[in-house]
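A.B. asks: Compute the structure for the input listed below.
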Amino acid sequence: MMFAVCLRYAKNKEEAEEILQEGFMKVFTFLHQFNFEGSFEGWIRKIMVNCALQKYRSKTRLHAVVDIDTNQLEIAGTENIIAQIGTKELLNMIQQLPPGYRMIFNLYVFEGMKHREIAELLGISEGTSKSNLSDARAILQKAVNNSLQVAKKNINYL
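C.D. replies: Now for the predicted structure:
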C-alpha cells in the first residue's frame with residue numbers, strides 16, 4: 001500500500017523503491033514516537049509523503065516548467081476516464097508530470113491539502129500552487145485525451 005503512495009510521487013519504479021526504503025527506515029527509527037493517536041497506517045503514510053517531498057527538495061526548486069495551450073483541451077467526465085483507461089496508465093501519466101506539478105497534484109488530490117498548506121510545505125506562494133495544480137490537471141487532461149484517441153483509432157483499425 002505504501003509503495004503505491006511512493007509511486008505517485010516518484011518519476012519511476014526505482015525512485016519509488018528508494019523513497020519506500022528510506023520511509024521504512026524512518027518508520028523503524030521513530031517507531032517509539034508513534035503515540036497511538038490516529039491510525040498506524042496514516043502515520044506511516046505521512047512519513048512516506050514527507051520522504052518523497054524531502055527527496056524533491058534536495059533535487060531542485062519546484063517551478064512551473066511546461067508551457068501549455070489550454071485552448072485545445074477538452075473536458076471529460078472522471079467516471080468515463082477511469083472506465084476507459086487503466087490504473088497503471090493513469091499512474092504513468094501522473095509520473096510523467098514535471099516534479100513540481102507532480103508534487104502539488106499529489107498533495108492536493110490524494111493528500112487533501114489546501115493550497116495554503118502546500119505553499120508553506122514547499123516554500124512557494126499560494127498562487128504558484130494553484131497555477132501548478134491547474135497546469136498539472138491540463139497536462140493530465142491532454143494526456144488522457146490523447147490516450148483515448150489512440151485507443152479509438154486502434155479499435156477502428158481492428
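A.B. asks: Return the distance of stretch 145-154 from the chain's centre.
C.D. replies: Chain-centre distance of stretch 145-154: 23 Å, with C-alpha atoms, centre = their mean, to the nearest Å.
A.B. asks: Can you find the helix or strand in this protein with the smallest mean pLDDT?
C.D. replies: helix 78-84 (a mean of 50; mean pLDDT, DSSP states H and E).
A.B. asks: got the buried residues for the helix or strand just after it?
C.D. replies: Toward the C-terminus, helix 78-84 is succeeded by helix 87-95 as the next helix or strand (DSSP states H and E). Using 16 or more other C-beta atoms under 10 Å as the test for burial, helix 87-95 gives Leu90, Met93, Ile94, Gln95. No exception for glycine: its C-beta is placed from N, CA and C like everyone else's.
A.B. asks: Can you tell me which of those is nearest Gln141?
C.D. replies: Nearest to Gln141 among those: Met93, at 9.8 Å, using C-beta to C-beta.
A.B. asks: Domain-wise, how is the chain divided?
C.D. replies: 1-59, 63-158 (automatic domain parsing).
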